[in-house]
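Peer 1: Here's a sequence, model it:
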Amino acid sequence: MSKNWILVLIAAFVLGFGIKSYLDAQSTAKRNTVGSEQTILFGEANRAVDIFDLKDNRIRVVYFGFTRCPDVCPTSLAMMAGALNQVDDETKARFRPMFISLDPERDAAADSYKYAQYFHPMIEGLSAPLDVTTPLAHRYGVIFRKTELENSELKYTLDHSSYFYFLKPDGTLITKVPHTLTPAPLVEAFNTITSEGK
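Peer 2: Next up, the predicted model:
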């Protein structure tokens with residue numbers, strides 16, 4: 001066998017091994033995307049909270065927003081509160097509602113917690129640096145961006161999509177409910193998920 005053929009075979013082997021290693025790494029990363037790593041945010045009294053702690057088997061109901069939101073966030077959290085008030089205690093106990101701030105620059109953990117509690121005592125208000133919340137939000141397709149406000153004391157606002165994300169304890173998406181002006185779609189989601197035993 002000529003030297004050239006040996007070099008070609010070696011190059012093909014190395015390339016094939018490299019591609020296999022890359023694909024294996026990608027597959028492992030994909031498997032590890034949800035639920036295998038801690039996702040630490042901060043809540044009441046700045047306490048660290050692993051929102052995907054598998055010891056807690058409640059379904060997470062997550063809403064992403066910010067405390068200075070003029071209309072969409074307060075309406076959405078009011079609808080979540082209304083839905084929680086309309087389901088029975090047994091159903092309610094299966095869920096863990098959360099408000100996660102997309103504006104940690106202005107929303108400290110204590111502020112997020114206090115804001116969420118204003119709507120309902122079951123809703124956890126949480127905050128964390130953007131390097132934690134941005135990939136978390138993007139995992140579920142949340143879109144948000146900062147918009148500068150001229151001649152305003154607020155200086156900027158956030159434009160963001162508005163959904164309630166129902167998640168398994170490991171972070172797997174079950175369903176999402178769009179922004180609503182009535183608690184009915186959320187009540188239906190609570191009851192459907194409970195009846196299906198997810």
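
Peer 1: ranges for the strands of this structure?
Peer 2: With strands called from DSSP state E, the chain shows them at 40-42, 48-50, 59-65, 95-101, 124-126, 144-148, 156-160, 163-167, 173-178.

Peer 1: Counting by contacts, list what the fourth one packs against.
Peer 2: Using 3 or more CB pairs under 8 Å, 6 or more residues apart in numbering; DSSP states H and E as the contact criterion, the elements in contact with strand 95-101 are strand 59-65, helix 72-86, helix 109-119, strand 124-126, helix 130-139. Every residue, glycine included, has its C-beta placed from N, CA and C.

Peer 1: and residue 150, which of those is closest to it?
Peer 2: helix 72-86 (21.4 Å; CB to CB).

Peer 1: So for residue 114, which of the strands of the chain sits nearest?
Peer 2: Nearest of those (CB to CB): strand 124-126, 6.7 Å.

Peer 1: ok, and what's touching that closest one?
Peer 2: Residues outside strand 124-126 that contact it (CB atoms under 8 Å, 6 or more residues apart in numbering) are 41-44, 49, 51, 96-101, 109, 111-117.

Peer 1: per-residue confidence for residue 94?
Peer 2: Note for residue 94: predicted pLDDT of 97.

Peer 1: burial of it, as a residue count?
Peer 2: Using other CB atoms under 10 Å, residue 94 has 15 neighbouring residues.

Peer 1: how close does it sit to residue 193?
Peer 2: Distance of residue 94 to residue 193, computed by CB to CB, to the nearest Å: 8 Å.

Peer 1: now swap in residue 112 and tell me
Peer 2: The value you get for residue 112 to residue 193, if CB to CB is used, is 25 Å.

Peer 1: hmm, back to that, mutual contacts of residue 94 and residue 193, please.
Peer 2: Here residue 94 and residue 193 share the contacting residues residue 59, scored by CB under 8 Å, 6+ apart.

Peer 1: Mean neighbour count, mean pLDDT and distance to residue 157 added to the helices and strands packed on strand 95-101, as CSV?
Peer 2: What follows is the helices and strands packed on strand 95-101, written out as CSV (neighbours: other CB atoms under 10 Å; pLDDT from 0 to 100; distance: least, CB to CB, whole Å):
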stretch, mean neighbour count, mean pLDDT, distance to residue 157
strand 59-65, 23, 98, 11
helix 72-86, 20, 97, 11
helix 109-119, 20, 97, 16
strand 124-126, 24, 98, 19
helix 130-139, 15, 96, 16
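
Peer 1: No more questions from me, cheers.
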